[in-house]
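Chemist: What would the 3D arrangement of this be:
(one chain, ligands or ions: 1)
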Amino acid sequence: MRNERGRRLGKDVPIVVLTGAGISAESGLATFRGADGLWEGHRIDEVATPEAFRDDPELVHRFYNARRRQLAGPGIAPNAAHLALARLERAWTGDFLLVTQNVDDLHERAGMVRTLHMHGQLGMMRCLACDEVGPADEQLSVRSCCGVCGSIATLRPDVVWFGEMPRGLGRIYKALETCGIFIAIGTSGQVYPAAGFVEAARAAGAWSIEVNLLASAVSDFFDEHWRGLASEAVPALVD
Ligand SMILES: CC(C)NC(=O)[C@H](Cc1c[nH]c2ccccc12)NC(=O)[C@H](CCCC/N=C(/NCCC(=O)O)S[C@H]1O[C@H](COP(=O)(O)OP(=O)(O)OC[C@H]2O[C@@H](n3cnc4c(N)ncnc43)[C@H](O)[C@@H]2O)[C@@H](O)[C@H]1O)NC(=O)OCc1ccccc1
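Modeler: Okay, the predicted model is just below:
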């Protein structure tokens, strides 16, 4: 991998890659702030909150069931950007961590292993009574029963909602504090704490690269910018 000044970026330095909805856009999955950023007329961050689940759990279940159906649907598959990152992970000799804000499983379907879903996973559910986590199907509802403790109406999507603590922050900040390269792909830099990772990486002296269709809210923090479709820019960057 070479930076825009052609300086070879050694595959032996610790690297952190952050991805957002933009990397899955070309796989047919809607981005959050794409189109109108609405689902059934609801602003996404209206249905992705603990308050929404408390007030109207059926609406929230419908939202996540619809996204599970879409993700499991025909034609939804990892694109060239996911596949290029999987090649990079296999070729990387230094510490490698992929942190994704995405709840889809396209990185894993592309063969990636060292992934951390900081906002949870669409394919999993958690029981609020016994805290058991297990695979979720497309029919989750308030009538669903927990297979472990038998309680009803206690199953929720195992995702991180607005106002909730993201997953693995300790591991993420540890990796950011020692990384030599930080790459952000397909994220608008509007949701925290993810949007603040580039500053932590820079503070550690990392070379920072942003790959995005448009400028993001944190573009100024990056050393290098690759503007374009992830499916074209990521292979060009890493191969
Ligand atoms: C809206 C925003 C202002 N609000 C927040 O950030 C809030 C509140 C907040 C906390 N700190 C702050 C500081 C300042 C201001 C606000 C806050 N944050 C939280 O609540 C977080 C939890 C947030 C997580 C919420 N859950 C999600 N998802 C899971 C659910 C679900 O999926 O249903 S967030 C969800 O939205 C975000 C969407 O953003 P992107 O992925 O960037 O997608 P977007 O559509 O915006 O952009 C796509 C980009 O791709 C580009 N693109 C499009 N197509 C392509 C293409 N083809 N190729 C390349 N690029 C492309 C576009 O140009 C665009 O730039 C993702 O994070 C995604 O996971 N929790 C928390 O803070 O807990 C306490 C705490 C405090 C301190 C330390 C620890 C904890």
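Chemist: contacts and neighbour counts: CA atoms only from here.
Modeler: Will do.
Chemist: near the ligand, which residues of this structure?
Modeler: Applying Cα under 6 Å from any ligand atom, we find that the chain lies next to the ligand at 20-23, 25-26, 31-34, 48, 101-103, 119, 159-166, 186-193, 212-214, 216, 228-230.
Chemist: Out of the residues you listed, name the ones that lie in strands.
Modeler: Judged by DSSP state E, the subset of the residues of the chain next to the ligand located in strands is 159, 212.
Chemist: Among the residues of the chain next to the ligand, name the buried ones.
Modeler: By the neighbour-count criterion of 16 or more other Cα atoms under 10 Å, these include these buried positions: 20-23, 25-26, 31-32, 48, 101-103, 119, 159-162, 166, 186-189, 212-213, 216, 229-230.
Chemist: Just give me how far the helix or strand encompassing Arg69 sits from the chain centre.
Modeler: Here Arg69 sits within helix 57-72, counting by DSSP states H and E. Centre-to-centre, helix 57-72 and its host chain are 17 Å apart (Cα atoms, centre = their mean, to the nearest Å).
Chemist: In space, what's closest to Gly94 - neighbours in sequence excluded?
Modeler: With Cα to Cα, 6 or more residues apart in numbering as the measure, Asp12 is the residue that lies nearest to Gly94, at 3.9 Å, once sequence neighbours are left out.
Chemist: is it true that that neighbour touches Thr93?
Modeler: Yes - taking Cα atoms under 8 Å as the contact criterion, Asp12 and Thr93 are neighbours in contact, 4.9 Å apart.
Chemist: Report the contact partners of the nearest residue to Phe162 once chain neighbours are set aside.
Modeler: Spatially, and ignoring its direct neighbours in sequence, Phe162 is nearest to Thr49 (5.2 Å; Cα to Cα, 6+ apart). With contact set as Cα atoms under 8 Å, 6 or more residues apart in numbering, Thr49 has these partners: 161-163.
Chemist: can you redo those residues as TSV with distance to Pro74?
Modeler: Rendered in TSV, the data for the contacts of Thr49 read as follows (distance: Cα to Cα, whole Å):
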residue	distance to Pro74
Trp161	27
Phe162	30
Gly163	33
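Chemist: can you tell me which residues contact Arg67?
Modeler: The contact partners of Arg67, taken as Cα under 8 Å, 6+ apart, are Leu122.
Chemist: Now do it against Ile44, distance only.
Modeler: Here the distance between Arg67 and Ile44 works out to 12 Å (Cα to Cα, to the nearest Å).
Chemist: Identify the contacts common to those two.
Modeler: With contacts taken as Cα under 8 Å, 6+ apart, not a single residue reaches both Arg67 and Ile44.
Chemist: hmm, back to that, now do the helix holding Arg69, average pLDDT.
Modeler: The average of the pLDDT scores along helix 57-72 is 92.
Chemist: which helices and strands does the helix or strand following it pack with?
Modeler: Counting by DSSP H and E, the element after helix 57-72 in chain order, helix or strand, is helix 80-91. For helix 80-91, the packing partners by 3 or more Cα pairs under 8 Å, 6 or more residues apart in numbering; DSSP states H and E come out as helix 106-109, helix 230-238.
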